[in-house]
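Peer 1: Model the following, please.
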Amino acid sequence: MHAFISSVLVVAQSAPVGGPMLALAVGVTIVVLAIAKWQMHPFFALMGAAIAVGMVVVFGGWSELSLIEAVQRPMEALGSSTGSIAVIIAMAAVIGECLTVSGGAEKVVNALLRWWGEKRAGVALLIAGLVLAIPVFFDTVFLLLLPLARVMARRTGKDYLFYVMVLCAGGVIAHSTVPPTPGPLLVAEELGISMATAIGGGLACAIIPAAGALMVARWVGNRVVVPMPEGSGGEARREADLPGLGVSILPVFMPLLLIGAVSIHGLVAGSSPEWLLFLGNKHVALFAGMVAGIGLALTSKGGTGESLRTLLGRSLELSGPIILITAAGGAFGAMLREAGIGEAVTTLAEGRHLNYVLLGWLLAAVVRVAQGSATVAMITATGMLTAAAGETGWGVNPLWVFLAIGYGSIVFSWANDSGFWLVSRMCGWDARTTFKSWTVVLSAISVIGLIETLILSAIF
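Peer 2: Numbering: from 1, shown residues only. Have a look, this model is predicted:
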């Protein structure tokens, strides 16, 4: 043990390269082992890793960081990250809950199915998953749309796996690349990308991966045989009890329109008046969407009749852990920067050209495969990448780095991913079937997204 500690300290003394890389290795190892092996909550895993990085810096002696600061700095960074994302995530959770209890989400899906028809129901389910997953967590969207996939499969007598996979594809793409979903929200904040750019870029660049997902899901559905579902999987509400389509989409599209109006006006006129900047502020825009959602939930004839207190309370219960995990990822990234990862990578890359788009995808993919959570993969990779870039910049528009990290975080979902088991258990599939369907489709989306992002980053 003494020899091991001595060798670690020798490596640490070789800063600015050996020490920071040791801190990085210790931090990532703790995150992966704590989540994947020790089954620890990601919040404590990330905060423990942040403090451990600080301790390595202190005992390595290449920084003026004190022992007390090694503990205090992560707490300060946690507070800073929480301040930037907590209210947005909480309001997005309220919007999602309101759409669910009011029947608004069901109305949107029914409208899409009516417009596209049963022959193109896969496209409708994919679009529904993509749109509804913007303010709603993936598991909620999946559970919401799964009964509709079962109904469509029973009507047609086929394509059950295909319908499930396309709704998963839409939800996963939004979950990984479109704020205010927690992971993309933190990545955009860390990379200095405006909410309008992140949302617009994420949705625009989702078209090609979504089209690819449709083709891969069809290919998988023709080769993997699964039993048809018994029953509808849930009672659908009567159309007469559902709210109107306009008020159903208002909670989602109002924030998008307000935020987008500022960017569009700025591009056309060069600057925006103060009142428009106020309305287009991400907090104000999400608040407007939340108010619309609450009004929808409280007045809908097909709603569950819950009180405002119950509605908001359950939303906060759902969003609280996500806020803590996301903010802890920000603290971990801050401590990696404190460790000097940026200077170390600059030294190692001297005379070389780093492609941060590819590097961002690879880092997110490695962390994803190791510990399972896409959100943790995004925020961990972002912390490492921002520390590495330092003041030198990305060499490309940070939007492409943002998208690469998002798509890297969904590759090769397997047994350590809660989403894998959610799909497996709710669909009644064994692990092998889920691996041959869910894992294949998500990995295809990830690779297609990477190729698209690399091409776009080279052109623009």
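
Peer 1: who touches stretch 422-432?
Peer 2: Residues from elsewhere that reach stretch 422-432 (Cβ atoms under 8 Å, 6 or more residues apart in numbering): 139, 142-143, 146, 164, 168, 226-227, 229, 415, 433-434, 437-438. C-beta: built from backbone N, CA, C; applies to glycine.

Peer 1: Buried residues, that stretch. List them.
Peer 2: 422, 423, 424, 427, 429 (16 or more other Cβ atoms under 10 Å).

Peer 1: Please flag which of the contacts of stretch 422-432 sit within strands.
Peer 2: Cross-referencing those against strands under DSSP state E gives no overlap.

Peer 1: which one of those is nearest residue 402?
Peer 2: residue 168 (22.2 Å; Cβ to Cβ).

Peer 1: That closest one contacts residue 441, correct?
Peer 2: Yes. With contacts counted by Cβ atoms under 8 Å, residue 168 reaches residue 441, the gap being 6.9 Å.

Peer 1: between these two, who's got more neighbours?
Peer 2: residue 168 (32 against 28; other Cβ atoms under 10 Å).

Peer 1: OK, contacts around the more buried one?
Peer 2: Neighbours of residue 168 in contact, by Cβ under 8 Å, 6+ apart: 129, 142, 423, 438, 441, 442.

Peer 1: if we can go back for a sec, now a PyMOL select for only the buried ones of the contacts of stretch 422-432.
Peer 2: In PyMOL, this line selects whichever of the contacts of stretch 422-432 come out buried by 16+ other Cβ under 10 Å:
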select buried, resi 139+142+146+164+168+226+229+433+434+437+438
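
Peer 1: Same list as before, the contacts of stretch 422-432 that is, but in a markdown table and with distance to residue 91 and pLDDT included.
Peer 2: Putting the contacts of stretch 422-432 into a markdown table (distance: Cβ to Cβ, whole Å; pLDDT from 0 to 100) gives the following:
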| residue | distance to residue 91 | pLDDT |
| --- | --- | --- |
| 139 | 19 | 77 |
| 142 | 22 | 85 |
| 143 | 21 | 75 |
| 146 | 26 | 82 |
| 164 | 30 | 93 |
| 168 | 25 | 94 |
| 226 | 38 | 88 |
| 227 | 41 | 83 |
| 229 | 35 | 68 |
| 415 | 34 | 69 |
| 433 | 38 | 91 |
| 434 | 33 | 89 |
| 437 | 34 | 95 |
| 438 | 30 | 95 |
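
Peer 1: Kindly present the contacts of stretch 422-432 as a markdown table, with separate columns for distance to residue 278.
Peer 2: As requested, the contacts of stretch 422-432 are exported to a markdown table (distance: Cβ to Cβ, whole Å):
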| residue | distance to residue 278 |
| --- | --- |
| 139 | 34 |
| 142 | 36 |
| 143 | 36 |
| 146 | 40 |
| 164 | 43 |
| 168 | 38 |
| 226 | 51 |
| 227 | 54 |
| 229 | 49 |
| 415 | 48 |
| 433 | 51 |
| 434 | 47 |
| 437 | 47 |
| 438 | 43 |
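
Peer 1: List the ones among the contacts of stretch 422-432 that fall in helices.
Peer 2: Among the contacts of stretch 422-432, the residues falling in helices (DSSP state H) are 139, 142, 143, 146, 164, 168, 433, 434.

Peer 1: With respect to residue 105, which of those is nearest?
Peer 2: residue 143 (10.9 Å).

Peer 1: Okay, residue 39 and residue 276: tell me how far apart.
Peer 2: Using Cβ to Cβ, to the nearest Å, one gets 48 Å for the distance from residue 39 to residue 276.

Peer 1: These two: which has the busier surroundings?
Peer 2: Comparing residue 39 with residue 276 by other Cβ under 10 Å, the one with more neighbours is residue 276, at 16 against 8.

Peer 1: Now do the same for that one: its pLDDT.
Peer 2: Looking at residue 276, its pLDDT is 86.

Peer 1: what's it in contact with, if anything?
Peer 2: Counting by Cβ under 8 Å, 6+ apart, residue 276 has contacts 261, 262, 265.

Peer 1: can you rerun that using 10 Å?
Peer 2: 258, 261, 262, 265, 266, 269 (Cβ atoms under 10 Å, 6 or more residues apart in numbering).

Peer 1: buried residues in whichever strand or helix holds it?
Peer 2: Residue 276 is part of helix 274-279, with elements assigned from DSSP states H and E. Neighbour-count burial for helix 274-279, with 16+ other Cβ under 10 Å as criterion, is recorded at 276, 279.

Peer 1: List the buried residues for the helix or strand containing residue 210?
Peer 2: Using DSSP H and E, residue 210 maps to helix 207-223. Going by neighbour count (16+ other Cβ under 10 Å), the buried part of helix 207-223 is 208, 209, 210, 212, 213, 214, 216, 217, 218, 220, 221.
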